[in-house]
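Asker: I need the structure of the sequence given here:
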Amino acid sequence: MSTDIGGDDPDDFQSLVHLLVYADKFNIEGLISSPPSKGRKKDILEGIAAYEKDFDQLKSHSSNYIAPEILRSRTKQGALNPQAEEIPKEVSEGAKYIIEKALEDNTQPLWILVWGSITDVAQAVHHNPKIKKKIRVYSIGSWNTWQDPKAREYLFNNHKDLWWIENDHTFRGMYQGGYQENEYGNISFVSSNIKDFGALGKLFYEQKKDIKMGDTPSVLYFLSGNINDPTDSSWGGSFIKNSHGANYWVDNPVDSLRTSKHIGAKTVSKHRIEYLDDWKKRMAILSKNP
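Answerer: Below you'll find the model as predicted:
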C-alpha cells in the first residue's frame, strides 16, 4: 500500500485504521509513504503503534493478524516529492521495495493500493518494467493525480499493458450517498461504533470525526466480489474497460450510477449497510475505551 498519510487530508489515517482491523484478511507485504505532501514514514508508524496496542485482542479473534514488528520492518519511505520530469529519474526506497517484492518467486500477483500520488509505482515500473507482469494496481486518483500528473501520465502513456484500476470518482461513494439514516450516518456511525473502541478507534476519531475514508474502497474491493474481475459487483466498486488497454478499468459513466458529478459512486454506496455492519463487528472485537 502506498499512502500520503500525514499529508493534507487526515482520511488516510482512517483508511489505515480500517485496513489494520482487517489485517488478518491480507498478506501485507509493504506500507510505503508517498507524495504529494508532508506525510512521512513516521505517520504510518503511528498507525502501527495503535495497532500494537490492540494486537492481543485482534489476535484472539484470528491468528492471522500480522505482528506489529513485521509491519514496521515492511514500512518504507517513498519519494518525498512528486515527479519533476516527464520520465522518472529517481528510484526511492519505496520504489526499490516494490521491485523487490514483485520479483519474488510467487505465483500470486502483487497488488499495489495507491492512496496518494502514484509516484513510487511510476519509478518502480520505469526502472524495472518486467514487474508489470507481476503487479496489479488499484489507484485512488482525483486529487492525488492532480498533485503528481507527470507520474500518472508517464504510466498511462508508456505502459498500456499495466494491470490498473484507476478510480477517479467511484471512491466518493464511501461517504456520499447510500443509506445514511440512524447510526449509518458519517458522523453517527463513528460516534457509535468507532471512536470508543481500542487505540485504533481512538486514533481514527482524533484524526477525523466522521467517515470520509476515500481510499478505503481499494480495501473493500478485496472483501467481496471477484477480485480478478473489476466489472463484478464489489464493496470497492464496479468498473468498466475502455479502449486504452486490455487490463485497464475506469469509473462506470452510466447516469444511474452517478452521485452528483461523481460517476460510478453508487457502485460503492449501494453496499454501505453491508460494509459498515461488517466493520462494526470488527471494531467490537476491541475493548471499549474508558
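
Asker: check which helices and strands the lowest-mean-pLDDT helix or strand in the chain sits against.
Answerer: Using mean pLDDT, DSSP states H and E, the weakest-scoring helix or strand in the chain turns out to be helix 143-147, at a mean of 86. Packing contacts for helix 143-147, counted by 3 or more CB pairs under 8 Å, 6 or more residues apart in numbering; DSSP states H and E, involve no helix or strand. C-beta here means a position set from N, CA and C on the backbone, and glycine is covered the same way.

Asker: what comes up buried for it?
Answerer: 144-145, 147 (16 or more other CB atoms under 10 Å).

Asker: do the same with stretch 247-257
Answerer: 247-252, 257.

Asker: select the longest helix from the protein.
Answerer: helix 41-61 (DSSP state H).

Asker: give me the contacts around that one.
Answerer: Outside helix 41-61, the residues that touch it by CB atoms under 8 Å, 6 or more residues apart in numbering are 3, 5-6, 13, 16-17, 20-21, 23-24, 31, 33, 65, 67-68, 71-72, 75-77, 198-200, 202-203, 285-287.

Asker: got a list of contacts for the helix or strand just after that helix?
Answerer: Using DSSP states H and E, the helix or strand that follows helix 41-61 in sequence is helix 68-73. Helix 68-73 has contacts (CB under 8 Å, 6+ apart) with 28, 31, 45, 48-49, 51-52, 55.

Asker: could you dump these to TSV with neighbour count?
Answerer: Listed next are those as TSV, based on neighbours: other CB atoms under 10 Å:
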residue	neighbour count
28	15
31	25
45	15
48	19
49	13
51	25
52	16
55	20
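
Asker: any chance of a markdown table for those, columns pLDDT?
Answerer: Listed next are the contacts of helix 68-73 as a markdown table, based on pLDDT from 0 to 100:
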| residue | pLDDT |
| --- | --- |
| 28 | 98 |
| 31 | 98 |
| 45 | 98 |
| 48 | 98 |
| 49 | 98 |
| 51 | 98 |
| 52 | 98 |
| 55 | 98 |
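
Asker: ok, the residues you listed vs residue 133, which is closest?
Answerer: Distance ranking of the contacts of helix 68-73 against residue 133, using CB to CB, places residue 28 first at 21.8 Å.

Asker: residues contacting the closest one?
Answerer: Applying CB under 8 Å, 6+ apart, we find residue 28 in contact with 1, 19, 66, 71, 74.

Asker: change it to 7 Å
Answerer: Residues near residue 28 by CB atoms under 7 Å, 6 or more residues apart in numbering: 66, 71, 74.

Asker: can you put the residues you listed in TSV and add neighbour count and distance to residue 281?
Answerer: As requested, the contacts of residue 28 are arranged in TSV below (neighbours: other CB atoms under 10 Å; distance: CB to CB, whole Å):
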residue	neighbour count	distance to residue 281
66	18	20
71	22	23
74	17	27
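
Asker: neighbours of residue 241, how many?
Answerer: Close neighbours of residue 241, defined as other CB atoms under 10 Å, add up to 13.

Asker: er, residue 117 actually
Answerer: The burial count for residue 117: 32, using other CB under 10 Å.

Asker: what's it in contact with, if anything?
Answerer: By CB under 7 Å, 6+ apart, the contact set of residue 117 is 4, 34-36, 82, 144, 147-148, 151.

Asker: what bits of this structure have low per-residue confidence?
Answerer: Scanning the chain for pLDDT under 70 picks out the ranges 290.

Asker: strands along that one, start to end?
Answerer: With DSSP state E as the criterion, the chain has strands at 2-3, 31-33, 75-77, 110-114, 135-140, 164-167, 239-241, 248-251.
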